[in-house]
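Asker: below is the structure, and that's it, no one-letter string:
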């Protein structure tokens, strides 16, 4: 398996004259994930930059095992979600095939001339215009 990242501890080295030495270095950062290329570059120049990155092989192995486990869990969750989506799509499609609208709506339109006549009668009787939403049956009731 190709590993681009590793787990390491970072040590700040002690200075001896113009150079740094690894003995008695002080732990600065513990168990950090860093790119292997970065660590190799820094460790190649440890005598001038004063840092040493100690790779923890066991922690790196655990890091990749855990990462693989999480990747598999995500993959399984995505598969389950896709199966559920397919099932719901099928259910909706089958449901739509069986649904038909059978109720018809009948629109009854009143004779406009009769309604106009009733409105005129209401105006003559009361001196007020009939409400614009009143239908013939309401006007007949008001005229009684």
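Answerer: On my side now, so go ahead. Note that the coordinates shown come from a computational prediction; the quantities given were computed from them, not determined experimentally.
Asker: by contact count, what packs against the longest helix anywhere in the chain?
Answerer: Counting by DSSP state H, the longest helix found in the chain is helix 57-98. Applying 3 or more C-beta pairs under 8 Å, 6 or more residues apart in numbering; DSSP states H and E, one finds that helix 57-98 makes contact with strand 5-16. No exception for glycine: its C-beta is placed from N, CA and C like everyone else's.
Asker: hang on, the earlier thing: now do the longest helix of the chain, average pLDDT.
Answerer: Helix 57-98 carries an average pLDDT of 88.
Asker: now the angle from that helix to strand 5-16?
Answerer: Between helix 57-98 and strand 5-16, the angle comes out at 150 degrees (axes from the mean of the first three to the mean of the last three C-alpha atoms, to 10 degrees).
Asker: so how far is helix 57-98 from its chain's centroid?
Answerer: Mean-position distance between helix 57-98 and its chain equals 15 Å (C-alpha atoms, centre = their mean, to the nearest Å).
Asker: which strands and helices sit next to the helix or strand just after that helix?
Answerer: Using DSSP states H and E, the helix or strand that follows helix 57-98 towards the C-terminus is helix 112-126. Helices and strands touching helix 112-126, by 3+ C-beta pairs under 8 Å, 6+ apart, are helix 136-143.
Asker: just the angle for the helix it packs on relative to helix 112-126, thanks.
Answerer: 20 degrees.
Asker: just the residues contacting helix 136-143, thanks.
Answerer: 110, 114, 115, 118, 119, 121, 122, 125, 126, 130, 134 (C-beta atoms under 8 Å, 6 or more residues apart in numbering).
Asker: apply 7 Å and report the result again.
Answerer: With contact meaning C-beta atoms under 7 Å, 6 or more residues apart in numbering, helix 136-143 is reached by 110, 114, 115, 118, 119, 121, 122, 125, 130.
Asker: buried members of the residues you listed into PyMOL, please.
Answerer: The following PyMOL line selects those of those that are buried, judged by 16 or more other C-beta atoms under 10 Å:
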select buried, resi 118+119+122+130
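Asker: now, the most widely separated pair of the contacts of helix 136-143?
Answerer: Pairwise distances among the contacts of helix 136-143 were taken by C-beta to C-beta; the largest, 20.1 Å, belongs to 110 and 125.
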